[in-house]
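Engineer: everything below, folded, please.
(chains A, B, C and D)
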2 protein chains.
Amino acid sequence: MVLRHALLGLLAQRPASGYDLRKQFERSLSFVWQATPSQLYAELNGLADAGLISADPPGPRGRKLYRITQDGREELTRWLSETSPARGVRDEALLRVFFLWVLPDGAAQEYLRGEAARASAYLETLRELEASIEWDDSGFDRYGRIVLEHGLRLAAAHAEWAEWAAAQTPAEQI
Amino acid sequence: MVLRHALLGLLAQRPASGYDLRKQFERSLSFVWQATPSQLYAELNGLADAGLISADPPGPRGRKLYRITQDGREELTRWLSETSPARGVRDEALLRVFFLWVLPDGAAQEYLRGEAARASAYLETLRELEASIEWDDSGFDRYGRIVLEHGLRLAAAHAEWAEWAAAQTPAEQI
DNA sequence: ATGGACATGTAAAAAGTTACATGATTGA
DNA sequence: TCAATCATGTAACTTTTTACATGTCCAT
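Structural biologist: Numbering: from 1, shown residues only, chains lettered A, B, ... in the order given. Model (predicted):
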């Protein structure tokens, strides 16, 4: 039900086609929530069946413009204000750290340095993203910026942790 | 295939029953990877079928002690050294931030202050956990401590971000 | 005319969740 | 003796992933 409400949230700003939503998703929500195109199109049909969005008659290339309905807006608000977010963590990269002692000397350090490099590169990506967006004062942009700030802070903390962690591990024996 | 390798990693330390593994999981791995008991027991049977672990004949209360096999050790090492962790993010609490503009004044701030409080409480939980564990110099404990340090640093960063974010949002109109 | 972006899906398999089912042993 | 913990699962359902299928329109 999360993707469902995410799409509702995007459509609460303005009407859009599945394709539009897919692009918007990639540029924003996908940094905190992954979804595949097939999931997205399926969910749109589900949303329309439930009456939470309505579709204009198909235009060129079969494009369908979706609009949020009053029921949809109410459902979005209900979700935000009356339900709590699930808190399931699933971080495979971090899980692996528990098992790094299994590997020969040096490999753990290599893994952790790789994590640091990856986090630094991601941080750089986010900085470029921040600079490239023409932020406006819409609600979506104001809160999108807040989410981006989260990414910047957490990526920096993750990179620092990984450098620190690498320094705790044995170097390769020569 | 992640839970599979996680169980292999736990069994690489010492033999254990499904119940033992479940408890170990709760105390350590579950902070970065969730799994339900039914998943765990099913996976153990899969692992045994694949010859990666072997089960002793059932003891009292039907308890079965599992041991990692040579094939299992090789598979664990292969997984760690030859495959890359998946990087799919799914953070519902953060996703919701994108849509906070939908709510009336004050509600966004309330949500973000809740996030801050939750992160601080979690940080405290981790500190207590750190103090309560009798750390030894086993590989699992050495790297477990490194994972815990990640939790401490990231929870602190998350709490600080949430406080900052709350301060950016409009207060409730009276 | 044609390559790239536009545009929407289906089907099958894998993974994860939820609810339930069943019984044994131990310590107060 | 009886509550808590030990101990292992099954079944049904939902969600997610992966791979494929199909065709259109626009700019060069």
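
Engineer: so which residues on chain A come close to DNA strand C?
Structural biologist: A:17-20, A:22-23, A:37-38, A:41-42, A:44-45, A:60-64, A:88, A:90 (CB under 7 Å from any atom of the strand). Where C-beta positions appear, they are placed from N, C-alpha and C, glycine not excepted.

Engineer: same for DNA strand D: which of the residues you listed are within range?
Structural biologist: Filtering the residues of chain A next to DNA strand C for neighbours of DNA strand D using CB under 7 Å from any atom of the strand leaves A:38, A:60-62.

Engineer: on the pLDDT front, check A:Tyr143 for me.
Structural biologist: What the model reports as pLDDT for A:Tyr143 is 98.

Engineer: oops, could you answer that again for A:Glu172 instead?
Structural biologist: pLDDT, A:Glu172: 83.

Engineer: show me the contacts for it.
Structural biologist: A:105-107, A:109-110 (CB atoms under 8 Å, 6 or more residues apart in numbering or on different chains).

Engineer: that older thread, just the ones of the ones next to DNA strand D among the residues of chain A next to DNA strand C in helices?
Structural biologist: Mapping those onto helices (DSSP state H) picks out A:Ser38.

Engineer: farthest-separated two in the ones next to DNA strand D among the residues of chain A next to DNA strand C?
Structural biologist: The largest separation in these, counting by CB to CB, is between A:Ser38 and A:Pro60 at 22.4 Å.

Engineer: more crowded one of these two?
Structural biologist: A:Ser38 (8 against 5; other CB atoms under 10 Å in any protein chain shown).

Engineer: chain A: helices as residue ranges?
Structural biologist: A:2-13, A:18-27, A:37-49, A:70-82, A:92-97, A:107-132, A:139-168.

Engineer: which one, of those, ends up nearest to chain B?
Structural biologist: For those, proximity to chain B was assessed by CB to the nearest CB; helix A:139-168 is nearest, at 2.3 Å.

Engineer: which among the residues of chain A next to DNA strand C count as buried?
Structural biologist: Those of those that meet the buried threshold are A:17-18, A:20, A:22, A:44, A:64, by 16 or more other CB atoms under 10 Å in any protein chain shown.

Engineer: the most centrally placed residue in chain A: what's it in contact with?
Structural biologist: In chain A, the centroid-proximal residue (CA atoms, centre = their mean) is A:Val32; its distance is 2.2 Å. Applying CB under 8 Å, 6+ apart, we find A:Val32 in contact with A:147, B:89-91, B:94-95, B:98.

Engineer: rewinding a little: with pLDDT added, can I get the ones next to DNA strand D among the residues of chain A next to DNA strand C in a markdown table?
Structural biologist: Output for these, formatted as a markdown table (pLDDT from 0 to 100):
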| residue | pLDDT |
| --- | --- |
| A:Ser38 | 96 |
| A:Pro60 | 92 |
| A:Arg61 | 93 |
| A:Gly62 | 94 |
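
Engineer: domains in chain A, as residue ranges please.
Structural biologist: A:2-82, A:92-168 (automatic domain parsing).

Engineer: off-centre distance for the first one?
Structural biologist: Taking CA atoms, centre = their mean, to the nearest Å, the mean C-alpha location of domain A:2-82 is offset from the chain mean by 15 Å.

Engineer: ends of it, what's the gap?
Structural biologist: Using CA to CA, to the nearest Å, one end of domain A:2-82 lies 14 Å from the other.

Engineer: now do the shortest one
Structural biologist: With CA to CA as the measure, domain A:92-168 spans 21 Å from end to end.

Engineer: can you tell me if it touches chain B.
Structural biologist: Yes. For domain A:92-168, a contact with chain B is found by CB under 8 Å from any CB of the partner chain, at A:92-103, A:107-108, A:138-140, A:142-144, A:146-147, A:149-150, A:153-154, A:156-158, A:160-161, A:164-165, A:168.

Engineer: hmm, back to that, as CSV, the domains of chain A with distance to B:Glu124 would be great.
Structural biologist: Formatted as CSV, the domains of chain A follow (distance: least, CB to CB, whole Å):
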stretch, distance to B:Glu124
domain A:2-82, 25
domain A:92-168, 18
